[in-house]
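Enquirer: here you go, sequence then predicted model.
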Amino acid sequence: MTGATEPRDPSDIGSAGQGGGAGQASGTPTVWATLQAQDANALIIYLTETFGFRLTARYDDGDMVAHAELLWPEGAGGLMLGSYREGREWSRRPGTAGTYIVVRDVDALHERARRSGAEIIAALVDTDYGSREFTVKDPEGNLWSFGTYPGTPMP
């Protein structure tokens, strides 16, 4: 593998993951969503420019993205992705992922997504369970919900 990249903004990475739990003191995610894309390079650009994910690592194999890591700057969540290669042991069909991401200012992110031309498939709404959220479909077909509901606190 070649083409390792440096984080785009290392200061964001250090502030990720405030709170308890394994790996969180250093901002290191302990749960990673994974997906593959027909055009992984384009998906990386889409996620960083449209929503503000931070590219923290990237390894290319020729014209394919062998492995990339993106962090969500508001928490300890991470995403690993790469180019789809059918038939491999770890092979995920593109366009089948669904992810929920907690956001402090969902209205501002919704406006950013709208201005970027994101395909919003569920409008910004206040839910019965206390969240304010919206959902988009990325160019690969994956669903991304962004909202204020942080889940049930850990006991």
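Expert: Happy to help now that I have it.
Enquirer: wait, isn't Y100 in contact with T148?
Expert: No: in this structure, Y100 is not within contact of T148 by Cβ atoms under 8 Å, at 10.9 Å. Just so you know, the C-beta spots here come from the backbone N, C-alpha and C atoms, and that holds for glycine as well.
Enquirer: quick check: neighbours shared by these two?
Expert: Residues touching both Y100 and T148 (Cβ atoms under 8 Å, 6 or more residues apart in numbering): none.
Enquirer: where does E69 land in three-state SS?
Expert: Secondary structure, DSSP: H, G, I helix; E, B strand; the rest coil: E69 is strand.
Enquirer: that one: neighbouring residues, count only.
Expert: Neighbourhood size, E69 [other Cβ atoms under 10 Å]: 19.
Enquirer: just the pLDDT for it.
Expert: At E69, the predicted lDDT confidence score is 97.
Enquirer: okay, and the beta partners of it?
Expert: With DSSP bridges as the criterion, the beta-bridge partners of E69 are A57, M80.
Enquirer: who are the contact partners of it?
Expert: Counting by Cβ under 8 Å, 6+ apart, E69 has contacts W32, L55, T56, A57, R58, G78, L79, M80.
Enquirer: is it true that the second one touches I45?
Expert: So that's L55. No: taking contacts as Cβ under 8 Å, L55 lies outside contact range of I45: 9.2 Å.
Enquirer: so the two - more neighbours on which side?
Expert: Comparing L55 with I45 by other Cβ under 10 Å, the one with more neighbours is L55, at 18 against 13.
Enquirer: so the more buried one belongs to a strand, correct?
Expert: Yes: counting by three-state DSSP, L55 falls inside a strand.
Enquirer: can you pull the contacts of the most centrally placed residue in the chain?
Expert: Central residue of the chain (Cα atoms, centre = their mean): L79, 5.1 Å from the mean position. By Cβ under 8 Å, 6+ apart, the contact list for L79 reads W32, A33, T34, L35, L47, F53, E69, L70, L71, W72, T99.
Enquirer: I'd like these as JSON lines, with distance to R93 appended.
Expert: Below are these laid out as JSON lines (distance: Cβ to Cβ, whole Å):
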{"residue": "W32", "distance to R93": "18"}
{"residue": "A33", "distance to R93": "15"}
{"residue": "T34", "distance to R93": "12"}
{"residue": "L35", "distance to R93": "9"}
{"residue": "L47", "distance to R93": "18"}
{"residue": "F53", "distance to R93": "22"}
{"residue": "E69", "distance to R93": "21"}
{"residue": "L70", "distance to R93": "20"}
{"residue": "L71", "distance to R93": "24"}
{"residue": "W72", "distance to R93": "23"}
{"residue": "T99", "distance to R93": "16"}
